[in-house]
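J.: Predicted model, plus sequence, below.
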Amino acid sequence: MLGGPLGARKRGSKLVKVILDTNAIFNDFYLEKTNTKVFFQNYSCIPAEIYMPEVVVEEVINQYKEKLYENVQQYNETSQKLKTYFKDYQPNIITITNEIENYRRELMKCLSVYKVNIVSFPKIDHKKIVERDLSRKKPFKRDGSGYRDTLIWETIKEICIYGTYETVFITENCKDFGSGPFIDDILSAELFNHRKVKIVKSLKEFNETYIIPKLEKYKEIDKIFLDNKIAGVNIQNWLNKELLDILRDYNLNGPIAGFDDDYGSVWVSKINEIKEIEIDSITKTIDDKILVNLQLSIDIHCSIDANERDFRNSPSVRDFFGDQDDGGWFSISSSIDQTVNTTLSLLINGKDIDSVEMRHFSGDYSSFDIL
């Protein structure tokens, strides 16, 4: 509840206080990805209490707003341009009306269901914030930015000032808050216990450190994974239907073609073959869902495209396509077959796949991990 109590100590339990930064749920606006669900639906096994500073709530809503406007604008521009290519085509223009407030209500509903404590803006004198800014003391930066991060830090201090609880701050912002395992030394000097606040970089890392070790893990994987089935779900058949769309949800330009960010385009047009499926682990959650980590080796067919801007400005695009005619506007394309490897996390609920999230992807040129 907004501005509510920060929680009472539970007698006899080793409670962990977990504080979420904005980037902990970045691009998972409806809290639907696998690592997000594992976190929110299983943190009671630690046990833990979850906190979100009010400034973080507002940042998440603002990110939703910015992403929504950006993508709707791109969609409307593309839809308008399609009139050039299709006779009698009527652009399907999207208008944004109540979506932001609808999202706010939906987010607050989700946080309430998961019993997240939303902590009001900290009660701190503006003079102290200005003094911190002018002295460029973390989390302020030399250019004066860092106001919201400072509010988050002041909220963290309010949450962990009393008691002997372990406090974990989930944030990717290592530059301003620290790279872990503890908060930055400059910030920790403001705490009574300098080792009170730990840093974890993602929900995935938190799950693997705090939650999954407490869940039931199936050791005899081969017996469970009979006939490509887990909990009644035929994994092979499901992958045949869904894997192509899963791959298309990620930017694979670097691993597949070696392109620099924002240059060129890679489109996975077809999965030729799922060559190998290997199960890393199978875990049962406290609400009887099945968490599966699996590795795939896949033969895919891709379309690789670039325009004049890409070719002129990106050495990686020129390396891929080789010498091209130097005159006039052009687009260049190629198609390739490539064997790639990926690691996925599936959350199975009954006989349905509840959610899926990529953990790792590697192609001929590079690889990346999802935090």
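T.: Yes, it's here. What you see is a predicted model; the values in this text were computed from it and never measured.
J.: from here on, contacts and neighbour counts on C-alpha atoms
T.: OK.
J.: Now do the contacts for residue 83.
T.: 89, 90, 91 (C-alpha atoms under 8 Å, 6 or more residues apart in numbering).
J.: SS state for residue 55?
T.: Using DSSP: H, G, I helix; E, B strand; the rest coil, the structure places residue 55 in helix.
J.: how about it, what does it touch?
T.: Residues near residue 55 by C-alpha under 8 Å, 6+ apart: 120, 121, 148, 151, 152.
J.: Please apply the same query to residue 270.
T.: With C-alpha under 8 Å, 6+ apart, residue 270 has these contacts: 244, 300, 301, 302.
J.: Please narrow these to those residing in strands.
T.: Judged by DSSP state E, the subset of those located in strands is 300, 301, 302.
J.: Name the residues linked to the second one by a beta bridge.
T.: Note on residue 301: beta-bridge partners by DSSP bridges are residue 270, residue 337.
J.: hang on, it packs against residue 336?
T.: Yes - using C-alpha atoms under 8 Å, residue 301 is in contact with residue 336, at 5.8 Å.
J.: got a list of what residue 266 touches?
T.: Residues near residue 266 by C-alpha under 8 Å, 6+ apart: 251, 252, 253, 256, 257, 302, 303, 304, 305.
J.: Among those residues, name the buried ones.
T.: 252, 253, 256, 257, 302, 304, 305 (16 or more other C-alpha atoms under 10 Å).
J.: quick check, nearest of the residues you listed to residue 74?
T.: Nearest to residue 74 among the buried ones among the contacts of residue 266: residue 305, at 18.9 Å, using C-alpha to C-alpha.
J.: Quick check, pLDDT for the closest one.
T.: We note a pLDDT of 92 for residue 305 in this prediction.
J.: so it, which of the three states?
T.: Put simply, residue 305 is strand when judged by three-state DSSP.
J.: what do you get for residue 118?
T.: Per three-state DSSP, the secondary structure class of residue 118 is strand.
J.: wait, it sits on residue 52?
T.: Yes - with contact defined as C-alpha under 8 Å, residue 118 reaches residue 52; the gap is 4.9 Å.
J.: Looking at residue 301 and residue 336 now, which is surrounded by more residues?
T.: Between residue 301 and residue 336, counted using other C-alpha atoms under 10 Å, the more crowded position is residue 301 (18 against 12).
J.: tell me the contacts of that one?
T.: Listed by C-alpha under 8 Å, 6+ apart, the contact set of residue 301 reads 268, 269, 270, 271, 272, 335, 336, 337, 338.
J.: Read off the pLDDT value for it.
T.: For residue 301, the pLDDT comes out at 97.
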